[in-house]
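no sequence for this one, just the structure:
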């Protein structure tokens, strides 16, 4: 069982995240938790979310990059769900040994995430906060799945990315 946490504040405007989500939604062992649909008031049901991640063998975090990190509701989800005694600390072993795949889309193309690009840093510079959250909870950090240039990516390239994402998620099923 894979729990996919989908966190796009404007899913109706999403092209890239929507394509990635559509590529895996029909997989039998994937439970999609669309945070902005479930919790539009940000009142997260921590017990339900802990149940979903607790029964999973792997976790996928799918969202657009917002100001170099996660959208607000996903950060709130971290704060509310990944608590001491559940995800870390004494007795907090519910996530230990599970694999986490960070699947993220960016508005900027690959060049934008370079020293000479608009953001002046490679994309890897922006991974430590999410990666450390995952590792602190005892999970295994998988190589992130990144789709750059989400606003202008060609349809064929987006279809290839979606197919690649599906393969990555299916590979998690085998672990």
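Structure's in. What do you need? This structure is a prediction, so every number in the text was calculated from the model and none was measured.

which one is residue 30 nearest to, not counting chain neighbours?
Leaving aside its chain neighbours, residue 30 sits nearest to residue 2 (4.8 Å; criterion: Cβ to Cβ, 6 or more residues apart in numbering). Yep, even glycine has a C-beta here, placed from its N, CA and C like the rest.

show the model's pLDDT score for that neighbour.
Residue-level confidence at residue 2 comes out at 98, pLDDT.

measure it to residue 148 for me?
When distances are taken as Cβ to Cβ, to the nearest Å, residue 2 and residue 148 turn out to be 24 Å apart.

one more: residue 134?
From residue 134 to residue 148 the distance is 21 Å (Cβ to Cβ).

which one's more surrounded, these two?
Taking neighbours as other Cβ atoms under 10 Å, residue 134 and residue 148 compare with residue 134 leading, 25 against 20.

do I have it right that the more buried one meets residue 100?
Yes. Checked against Cβ atoms under 8 Å, the pair residue 134 and residue 100 is within contact range at 4.4 Å.

give the helix, strand or coil label for residue 26.
coil (DSSP: H, G, I helix; E, B strand; the rest coil).

tally of neighbours for residue 10?
Here the number of neighbours of residue 10 (other Cβ under 10 Å) works out to 10.

can you tell me what sits against the biggest helix by length in the chain?
Taking residue count as the measure and DSSP state H as the definition, the longest helix of the chain comes out as helix 155-173. Here helix 155-173 makes contact (Cβ atoms under 8 Å, 6 or more residues apart in numbering) with 2, 4, 15-16, 19-20, 22-24, 27, 29-30, 57-58, 60, 99, 101, 103, 142, 145, 147, 153.

now it: how far from the chain's centre is it?
Relative to the chain's own centre, helix 155-173 is displaced by 14 Å; criterion: Cα atoms, centre = their mean, to the nearest Å.

same deal with stretch 124-136?
If you compare the mean C-alpha spot of stretch 124-136 with that of the full chain, they lie 12 Å apart, counting by Cα atoms, centre = their mean.

returning to what we had before: list the buried residues for the longest helix of the chain?
Using 16 or more other Cβ atoms under 10 Å as the test for burial, helix 155-173 gives 158, 161, 162, 165, 166, 168, 169, 172.

could I get those residues as CSV with pLDDT and distance to residue 129?
Formatted as CSV, the entries for the buried residues of helix 155-173 read as follows, by pLDDT from 0 to 100; distance: Cβ to Cβ, whole Å:
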residue, pLDDT, distance to residue 129
158, 97, 26
161, 97, 23
162, 98, 26
165, 98, 22
166, 98, 27
168, 98, 21
169, 98, 23
172, 96, 22
